[in-house]
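In: After the sequence you'll find the predicted model.
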Amino acid sequence: MALGATMAVIKGTVSLDDLALVLAGASVELDPTLWPRVEAAAAIVAKAARAADPVYGINTGFGKLASKRIPPDQTALLQRNLIVSHCCGVGPATPEPIVRLMMALKIISLGRGASGVRREVIEQLQAMLARGVTPLVPQQGSVGASGDLAPLAHMTAVMIGEGQAIGDGKTVSGAEALAAAGLAPLTLGPKEGLALINGTQFSTAYAISGALRALRLVRAALVTGALSVDAAMASTAPFRPEIQALRGHAGQIAAAATLTALLEGSDIRLSHLEGDERVQDPYCLRCQPQVAGAALDLITQAARTLIVEANAVTDNPLVLVETGEIVSGGNFHAEPVAFAADTIALALSEIGAISERRIATLVDPALNFGLPPFLTPDPGINSGFMIAEVTAAALYAENKQRAAACSIDSTPTSANQEDHVSMAAHAARRLSDMADNLASILGIELLVAAQGIALRAPHATSPPLIAVMARLREQVPALGADRYMAGDLAKAAALIEADALPAAAIGALPIDPFPRLD
């Protein structure tokens with residue numbers, strides 16, 4: 001699907017690949033088969049709003065104020081006040097791709113026809129996505145129950161001509177953004193404000209982005225890890241399939257197969273098959289399938305949870321069209337998303353931990369099997385990669401601290417009505433910073449390992465890894481005398497983020513050996 005294209009949403013079928021397209025700029029639109037159920041649920045809500053019996057969120061106040069009855073002539077004001085009063089986010093603006101994904105996830109959820117909103121509400125969100133109206137959503141203020149209230153309120157505010165939006169790099173009022181896109185502010189009906197701000201879409205958008213980035217980084221780590229194996233003249237025997245099969249973990253089996261394919265045909269490996277006095281390599285080299293594979297399994301498990309959540313209805317109360325009931329529940333509680341985000345954080349931290357150890361091994365003359373200190377051709381007058389390794393250690397330490405579980409924390413809110421919360425929002429948000437750090441760590445390993453392999457001349461690495469090094473050298477030359485290093489690190493990290501290393505390796509291989517998320 002081309003970027004900027006529109007993706008049709010069918011109930012329960014949205015995939016991780018679909019959502020990756022939204023992050024890249026695609027819009028979403030409900031399949032026409034979903035509209036009858038949406039309209040049926042909206043009719044049930046409209047009937048309840050006219051009735052004498054109190055129904056939470058339709059003709060009552062919210063949260064601790066649920067016992068307050070709201071007369072029919074104040075329904076629109078109730079919904080408007082709900083939105084503006086909940087616009088209490090603080091901190092930096094959420095990146096636009098994350099906001100767009102949040103909007104798409106809300107469309108998908110409302111499109112299930114259990115939220116009771118009118119068709120016009122969903123069409124407003126669809127039009128905003130298609131015409132580039134991106135609400136300004138502060139990153140902080142959600143505890144992940146009752147849903148992501150503050151972030152989603154900032155999104156909804158723009159729909160009704162309030163709040164702020166981002167356009168052409170500038171911040172404008174919600175009303176201005178709608179007008180520029182040829183859209184009119186929406187007047188919310190019964191329950192619609194509540195349906196829009198209840199839900200886990202902010203946390204889920206960040207977590208899905210984190211899962212997709214984590215997969216790319218694991219793929220890159222397999223490449224940099226393979227480069228480090230040859231730079232250290234390490235053994236490939238620990239990657240044999242028989243070893244992995246005896247344990248049986250799918251991620252481990254896949255990681256070992258990728259490493260084996262990347263190192264096949266290495267002249268460096270052949271050069272020390274005999275006469276090498278070392279018996280075993282350090283764990284950071286030898287145990288790559290076990291660590292990268294375990295991380296891959298965690299990311300895969302988290303992704304499965306998140307794709308269920310992406311297709312879910314997570315507001316409250318819910319409309320059961322078959323029976324005509326409106327029932328209060330707790331689908332807004334983001335515990336599954338918090339657990340998934342915590343899991344991804346563990347994987348990101350550990351991939352960085354083992355990469356940092358490989359970097360440290362390669363720059364240490366006591367461990368790198370004959371390479372010069374800090375991989376500089378002229379040590380002493382030159383420091384080489386000395387401080388690049390320190391930077392990797394600093395970034396790994398940051399990620400280790402950030403990997404502490406958020407989901408085990410809870411703070412009662414809303415006058416103790418919401419007495420257990422998930423903390424999913426910042427569990428998911430931190431994944432962006434952790435992924436940034438890991439990309440830089442792997443970029444440093446890329447530079448260090450490529451330097452080490454070059455110093456093994458006349459012996460050469462495998463054809464796939466030669467292709468990877470050639471891609472690197474298009475951006476960053478080998479290190480001779482000391483030079484300003486920050487630019488090299490930034491360029492290497494950009495290659496990691498762009499998934500450029502697997503792409504280069506695949507070009508020299510008969511098949512793609514890299515793992516994917518199913």
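Out: Received, thanks.

In: My reading is that Gln301 is in a helix; is that accurate?
Out: Yes. In this structure, Gln301 lies within a helix as judged by DSSP: H, G, I helix; E, B strand; the rest coil.

In: Please name the residues that touch it.
Out: 340, 343 (C-beta atoms under 8 Å, 6 or more residues apart in numbering). C-beta coordinates here come from the backbone N, C-alpha and C atoms, glycine included.

In: what about the stretch 1-150 of the chain, any weak spots by pLDDT?
Out: By pLDDT under 70, the low-scoring segments of the stretch 1-150 of the chain are 1-4, 63-66.

In: So which residues of it form strands?
Out: Secondary structure of the stretch 1-150 of the chain (DSSP state E, counting those that start in this stretch): strands located at 6-9, 27-30, 90-93, 134-135, 138-140.

In: Tell me the spacing between Asp168 and Ala175.
Out: From Asp168 across to Ala175, the span is 17 Å (C-beta to C-beta, to the nearest Å).

In: out of these two, which sits in the busier spot?
Out: Higher neighbour count among Asp168 and Ala175: Ala175, with 17 against 7, using other C-beta atoms under 10 Å.

In: What mean pLDDT does whatever helix or strand the more buried one lives in get?
Out: For Ala175, the enclosing helix or strand under DSSP states H and E is helix 174-180. Across helix 174-180, pLDDT averages out at 96.

In: Mind listing what's buried along stretch 449-461?
Out: By neighbour count with 16 or more other C-beta atoms under 10 Å, stretch 449-461 contains the buried residues 449-456, 460-461.

In: ugh, wrong one, I meant stretch 411-429
Out: Buried-residue list, stretch 411-429, by 16+ other C-beta under 10 Å: 413-414, 418, 421-429.

In: Could you do stretch 288-305 as well?
Out: 288-303, 305.

In: Could you list which of the residues you listed belong to helices?
Out: 288-303, 305 (DSSP state H).

In: that older thread, tell me which of the strands of the stretch 1-150 of the chain approaches Ala490 most closely.
Out: Evaluated over those, closeness to Ala490 peaks at strand 90-93, with 20.8 Å, by C-beta to C-beta.

In: Determine how far the closest one lies from the middle of the whole chain.
Out: On the basis of C-alpha atoms, centre = their mean, to the nearest Å, strand 90-93 sits 19 Å off its chain's mean C-alpha point.

In: by contact count, what packs against that strand?
Out: strand 138-140 (3 or more C-beta pairs under 8 Å, 6 or more residues apart in numbering; DSSP states H and E).

In: Could I get the full set of helices for the stretch 1-150 of the chain?
Out: Counting by DSSP state H, counting those that start in this stretch, the stretch 1-150 of the chain has helices at residues 16-23, 35-50, 75-86, 96-110, 119-130, 149-159.

In: got the angle for the second one vs helix 119-130?
Out: Put plainly, it is helix 35-50. 130 degrees (axes from the mean of the first three to the mean of the last three C-alpha atoms, to 10 degrees).

In: With the shortest one instead?
Out: Following the same axes, to 10 degrees, one obtains 70 degrees for the angle between helix 16-23 and helix 119-130.

In: could you check the angle helix 96-110 makes with helix 16-23?
Out: Using the same axes, to 10 degrees: helix 16-23 against helix 96-110 is 130 degrees.

In: Now helix 16-23: buried residues?
Out: For helix 16-23, by 16+ other C-beta under 10 Å, it's 16, 18-23.

In: repeat for the longest one
Out: Of the residues in helix 35-50, those buried under the neighbour-count criterion (16+ other C-beta under 10 Å) are 37-38, 41-42, 44-45, 48-49.

In: elements contacting it?
Out: helix 119-130, strand 318-320, strand 325-327.

In: Quick check: what element follows the last one along the chain?
Out: In other words, strand 325-327. Downstream of strand 325-327 (by DSSP H and E), the next one is helix 335-363.

In: could you point out which element follows that following helix?
Out: helix 386-402.

In: returning to that earlier point: remind me what the helix holding Ala175 packs against, helices and strands.
Out: Using 3+ C-beta pairs under 8 Å, 6+ apart: helix 174-180 touches helix 149-159, strand 164-167.

In: least reliable of those going by mean pLDDT?
Out: Looking at these, the weakest mean confidence is strand 164-167, a mean of 92.

In: Report the distance from that strand to the chain centre.
Out: Distance, stretch centre to chain centre, for strand 164-167: 23 Å (C-alpha atoms, centre = their mean).

In: That strand pairs with which strands?
Out: strand 134-135 (antiparallel), strand 170-173 (antiparallel) (DSSP bridges).

In: tell me the most buried of those?
Out: Highest mean neighbour count among these (mean count of other C-beta atoms under 10 Å): strand 134-135, with a mean of 24.

In: quick one: contacts of that strand?
Out: Taking C-beta under 8 Å, 6+ apart as the rule, strand 134-135 contacts 96, 99-100, 103, 128, 154-155, 157-158, 163-167, 174.

In: and which of the residues you listed is nearest Ile444?
Out: Closest to Ile444 out of the contacts of strand 134-135 is Glu96 (28.8 Å), distances taken as C-beta to C-beta.

In: Please tell me how far the closest one sits from Ala51.
Out: Taking C-beta to C-beta as the measure, Glu96 falls 42 Å from Ala51.

In: related to what we said a few turns ago, for Gly487, find the nearest of the helices and strands packed on helix 35-50.
Out: helix 119-130 (36.4 Å).

In: What angle do helix 149-159 and the closest one make with each other?
Out: Interaxial angle, helix 119-130 versus helix 149-159 (the same axes, to 10 degrees): 90 degrees.

In: Please name every helix or strand in contact with helix 119-130.
Out: Using 3+ C-beta pairs under 8 Å, 6+ apart: helix 119-130 touches strand 27-30, helix 35-50, helix 96-110, helix 149-159, helix 192-197.

In: Okay, and Ser203 sits in which element?
Out: Assessed by DSSP H and E, Ser203 sits inside helix 201-231.

In: After that helix, heading C-terminal, what element do we hit next?
Out: helix 241-247.

In: which residues touch Pro241?
Out: Pro241 sits in contact with 253, 256-257, 260, where contact means C-beta under 8 Å, 6+ apart.

In: Most neighbours among those residues, please name it.
Out: Result: Ala256 is most packed of those (other C-beta under 10 Å), 24 neighbours.

In: Now do the same contact list for that one.
Out: Per C-beta under 8 Å, 6+ apart, neighbours of Ala256: 239-241, 243-244, 288-289, 293.

In: excluding its backbone neighbours, what's nearest it?
Out: Among residues not flanking Ala256 along the chain, Pro289 sits closest, at 3.8 Å (C-beta to C-beta, 6 or more residues apart in numbering).

In: same deal with Ile511?
Out: Using C-beta to C-beta, 6+ apart, the nearest residue to Ile511 is Ala261, at 8.0 Å.
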